[in-house]
Each structure stands twice: as structure tokens, then as C-alpha cells.
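A.B. asks: Here is a sequence together with a model predicted from it:
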Amino acid sequence: MFDINKILEKLHISELNDMQLESINAILETNNDVVILSPTGTGKTYASAFAIRALANAELNNKIEALSDFDNCIRNGTEDEKFMAYESRATLFVKFDMWQEAIDDYDKIAQTRSLTAFELNNRAFAYYKIGKYDIALTDAIESINVDDTNASTYDTIGCIYVAKNMYSEALDNFNKAIDLQQNLWESYENRANLYKKIINIASSDKEKQKYLRMKKEFAKKVYEQEVQNLKALKREIMEEGGIAIDNIISLKSMCHIPVEIFPRRHLYGWSDDMYVIPEYSFGFECTDELVLSHEHTELVWLPYKEARERLQWDSNKTALYELNCILSKQHDK
């Protein structure tokens, strides 16, 4: 953990000077650019380094808090509770880019049962991120054997093939991912980046034009999807809560929900090959009194920790965690 006094002691510095303290406070309390003007030798580098370290430590504390519940369950829970904690913690490790930790948890799960297609893909992506491409490809292909309709797995395979300089195979898999899920934007971006890489190798005008078209296609689809999502959000909030909203925070947290949880009458007109739908997450500032629709019976305002404890689904907990990080950072400015 970050202890400024211990660091100062190791650097043989008795205390920070006034310029350093003022600089650190300025950096931590604003989102604007900060320029430190001070004579050479007064400690500008230390001032900026300590401020950056403090910001990193705040993010680390948020990660530790998000994982602490699962850690406690693994230490003190029943065997079933421990197993479920490993499943949830592994997903969070992937979310937090803690690749080796995710692999270790998935390995523990695999000692008890076969990994699902989702878990195999996550482990494959973790292996890919630490540079173990052959193992990653083995997991990803096994994931496809379990479920060949998961677009994200084809995207993972595409990334692995790019890392192995197998560009034709990579392109085939990015195309497959997009065919399966039209709004898998990372596949559009990965495919566009692959075209760019091919252009740098081939340097042909035809390939350059193809890349530019891909770049425009990606930007257009992202914009159209964002507009569509925001319109749907405003409509739902008005229908379910009786208020109009403007101050919206779009979250990166996203998952997919099986269509089988919806009543069949709501699936009219949906294509036969639609098995999952995306769940997007947002936050908004509520300044008016909510008026619930007949579909809801009550609402309650809760602090972050209590709200997180009441949530059932990991996707909701992750979205709430992200929103709390954003609001905490805004509050600290």
C-alpha cells in the first residue's frame, strides 16, 4: 500500500517542501492540466511522482474493495460458497486486467468441473494478454467446440492470430465475430487495426482505401449505437420512473443476457438465431421525485456498499462499482 512517509524515508528525505505539497494538492484536486514551474533542483519530479502514485493507489483501493467480499467467502465460506466465489472472482480479475490471477482461479474451477465456453474464452484471453499464444488458442478453440455461437471467442481467436502474425486467419475470425454479433464493436476496431497493420506491410493504395472505409464504418456504427442506447434509456426512465433525464453517464460495463429469461410474447419479431441480447449500463443524476410505474412496487436510496450487497448479479455489481469509481473521482476533484 502507498505510505508516503516510508517512501520519503527510503529516499532520505525528511519532509516535502511547500512547492511539492502545493503541487500534489493541485494535481489531486483538479482534472485540468497542471504545470509545475519551479527552479531546477527543487523537487518537481518527486512532486508529480507522488501525486501519480496517490491516484494509482486510490484506484487500487477500489479494486481491493470490489474483491474483498469474494476473498472473505473463499476463506470462510462453505465449499459451495467458495466455488461460487472463485467463479465470480475470476470474472473480476479479467475485468481488472489481473491476468495471471484470473488464470489461477479458472484452473481451480477446472479441478472440480469442466469450464464453460465463457470461462474458457476468458482464460484464453488472459493467456493471450500474458503472451502465451499457443495455450490461449487451445482454450479458445475448446470454447468454440463447447459453443460455436459466442462472437467474443472468435474475436479472441482473431487477436491471438494477429499476435502470431497469421493475418488471414485473424481476419476470418474477426469477420465471423461481426457476423454473429453486429454490435461487437471491439471486433470492428480489431479488424480495422488489422487492416492498418496489413497496409503498413503491403503499402498498396487499394488496401489503404479498404482500411479507410473500415475506419468510417466503425465510427458510424459506434455513433449510431450510442444514440440508439441513449434514446432507449431516456424512454425507459420516463416510462418506469416518470422523469426526464439529461445528465447521463455511459458506463463501459456490459454483459449479455440469454433471451430465454424473457416471456415468449416479447420475442415476437426477433430473429431465430438471436440467443443473447446486450445489457448496457448507465448512471444519471436524479433531481426530481421518481414516480414508479405499475410494474414496480418500491424503491430505496442506498449508500454504495449496502447497494452492492443487495445486488444479485455480478454484471450489476460491476456496473455499480464502475459508477462509484467515476463519482468518487469527481467528488475528489
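C.D. replies: Looks like it arrived, so ask away. Everything quoted here is computed from the prediction, not taken from an experiment.

A.B. asks: contacts, neighbours, all on C-alpha from now
C.D. replies: OK.

A.B. asks: mind checking how far N150 is from A177?
C.D. replies: Plainly put, N150 is 8 Å away from A177 if you go by CA to CA, to the nearest Å.

A.B. asks: Who has more neighbours out of those two?
C.D. replies: A177 (27 against 20; other CA atoms under 10 Å).

A.B. asks: Identify the residues contacting the more buried one.
C.D. replies: By CA atoms under 8 Å, 6 or more residues apart in numbering, the residues touching A177 are 150-155, 184, 187.

A.B. asks: swap in S250?
C.D. replies: 281-283.

A.B. asks: Between those residues, which sits nearest L137?
C.D. replies: S281 (30.7 Å; CA to CA).

A.B. asks: surely the closest one meets H256?
C.D. replies: No. Contact criterion CA atoms under 8 Å: S281 and H256 do not qualify, at 11.4 Å.

A.B. asks: more neighbours, these two?
C.D. replies: S281 (21 against 12).

A.B. asks: what helix or strand is that one on?
C.D. replies: strand 276-284 (DSSP states H and E).

A.B. asks: what do you get for K252?
C.D. replies: Going by DSSP H and E, K252 is part of strand 248-258.

A.B. asks: Each with direction, which strands does that strand pair with?
C.D. replies: In the sheet, strand 248-258 lines up against strand 276-284 (antiparallel) (DSSP bridges).

A.B. asks: ok, and for the strand it pairs with, which residues are buried?
C.D. replies: 276, 280-283 (16 or more other CA atoms under 10 Å).

A.B. asks: So L292: helix, strand or coil?
C.D. replies: Under DSSP: H, G, I helix; E, B strand; the rest coil, L292 falls in the coil class.

A.B. asks: Tell me how many other residues crowd it.
C.D. replies: Neighbours around L292, by other CA under 10 Å: 17.

A.B. asks: distance of the residue nearest to it when sequence neighbours are not counted from R310?
C.D. replies: Using CA to CA, 6 or more residues apart in numbering and skipping residues adjacent in sequence, the residue nearest L292 is G241, 4.8 Å away. Going from G241 to R310 by CA to CA gives 20 Å.

A.B. asks: Ok, L327 next?
C.D. replies: To R310, L327 is 20 Å away according to CA to CA.

A.B. asks: Same check on H331?
C.D. replies: From H331 to R310 the distance is 24 Å (CA to CA).

A.B. asks: go on, D148?
C.D. replies: Taken as CA to CA, the span from D148 to R310 is 34 Å.

A.B. asks: These two: who's more crowded?
C.D. replies: Per other CA under 10 Å, whichever of D148 and R310 has more neighbours is D148, with 14 against 10.

A.B. asks: show me where the stretch 1-150 of the chain has helices.
C.D. replies: Assigned by DSSP state H, counting those that start in this stretch, the stretch 1-150 of the chain shows helices spanning 4-10, 18-28, 44-76, 79-95, 99-110, 117-129, 133-146.

A.B. asks: which other helices and strands contact the fifth one?
C.D. replies: For helix 99-110, the contact count by 3 or more CA pairs under 8 Å, 6 or more residues apart in numbering; DSSP states H and E identifies helix 79-95, helix 117-129 as packing neighbours.

A.B. asks: Give me the helices and strands touching the longest one, please.
C.D. replies: Judged by 3+ CA pairs under 8 Å, 6+ apart, helix 79-95 is in contact with helix 44-76, helix 99-110, helix 117-129.

A.B. asks: what do you get if the cut-off is 7 Å, keeping everything else the same?
C.D. replies: helix 44-76, helix 99-110 (3 or more CA pairs under 7 Å, 6 or more residues apart in numbering; DSSP states H and E).

A.B. asks: What are the contacting residues of it?
C.D. replies: Residues from elsewhere that reach helix 79-95 (CA atoms under 7 Å, 6 or more residues apart in numbering): 67, 70, 73-74, 99, 101-102, 105-106, 109.

A.B. asks: that older thread, where among the helices and strands packed on helix 99-110 is average confidence lowest?
C.D. replies: Here those differ in mean pLDDT, and the lowest is helix 79-95 at a mean of 79.

A.B. asks: Flag every buried residue along it.
C.D. replies: 82-94.

A.B. asks: what's the answer for stretch 297-309, then?
C.D. replies: R308.

A.B. asks: How far off centre is that stretch?
C.D. replies: 23 Å (CA atoms, centre = their mean, to the nearest Å).

A.B. asks: got the end-to-end distance for that stretch?
C.D. replies: End to end - CA to CA - stretch 297-309 spans 20 Å.
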